[in-house]
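A.B. asks: what's the 3D shape of this:
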Amino acid sequence: MKVLVMVKRVTDPNVTIRPNTDNSNVELTNVKMTMNPFCEIATEEAIRLKEAGIATEIIALTIGDRQSQDQLRTAMAMGADRGILIETDATLEPLHIAKLAAKVIEEEEIELVLLGKQSSDKDNNQTGQMLAAIKNWGQATFASKLDIENEKSDRNT
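C.D. replies: Alright, predicted model coming up:
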């Protein structure tokens, strides 16, 4: 089973952020960035599935600027087999991200997608649900444990 884990680059939760001079956004110059902590949890779960012999390949996906490759490196250091960066400098909304992820899922023939429960930077919890709707797949939100008994499922029921 190929598993896709979506990872996001966010400001380090332990760093105090400030608004920029025109108050239009937060100042990110010289601010430490990291992988969203909830994405780390999803990555760890994917690794557990691989260790259990359920997952055959773990692919980490991130969508963002060139520096987002650092989060892919983190995911691969944790145990992901490879990473995909969709590079953009644009600020994307959750629906855009879900549509891009759906395309990757189609091209890579992904069978399971894991996301963190929310992003720590904007506290959003939208991309997963939008992705499930686009793919017409079932979803589980805020799961604390994942047990897969049968690798094959009928996604139409």
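
A.B. asks: Packing partners of the strand ranked longest in the chain?
C.D. replies: Longest strand in the chain, counting residues (DSSP state E): strand 57-64. Applying 3 or more Cβ pairs under 8 Å, 6 or more residues apart in numbering; DSSP states H and E, one finds that strand 57-64 makes contact with strand 2-6, helix 37-51, helix 69-78, strand 82-87, helix 94-108. Quick note: C-beta positions are derived from backbone N, CA and C, even for glycine.

A.B. asks: Could you identify the helix or strand that succeeds the last one?
C.D. replies: The C-terminal neighbour of helix 94-108 among helices and strands, as given by DSSP states H and E, is strand 112-114.

A.B. asks: Okay, angle between the helix or strand immediately after that next one in the chain and strand 57-64 too, please.
C.D. replies: Sequence-wise, the next helix or strand downstream of strand 112-114 (DSSP H and E) is helix 127-135. Put simply, helix 127-135 runs at 110 degrees to strand 57-64, going by axes from the mean of the first three to the mean of the last three Cα atoms, to 10 degrees.

A.B. asks: pLDDT on helix 127-135, on average?
C.D. replies: Across helix 127-135, pLDDT averages out at 94.

A.B. asks: in that helix, what's buried?
C.D. replies: 127-128, 130-132, 135 (16 or more other Cβ atoms under 10 Å).

A.B. asks: Direction included, what does the longest strand of the chain pair against?
C.D. replies: Paired neighbours of strand 57-64 in the sheet (DSSP bridges): strand 2-6 (parallel), strand 82-87 (parallel).

A.B. asks: where are the low-confidence patches of this structure?
C.D. replies: Residue ranges of the chain with pLDDT under 70: 122-123, 151-157.

A.B. asks: 50 - rerun?
C.D. replies: Scanning the chain for pLDDT under 50 picks out 153-157.

A.B. asks: ok, back up a step: figure out how far the longest strand of the chain is from the centre of its chain.
C.D. replies: 7 Å (Cα atoms, centre = their mean, to the nearest Å).
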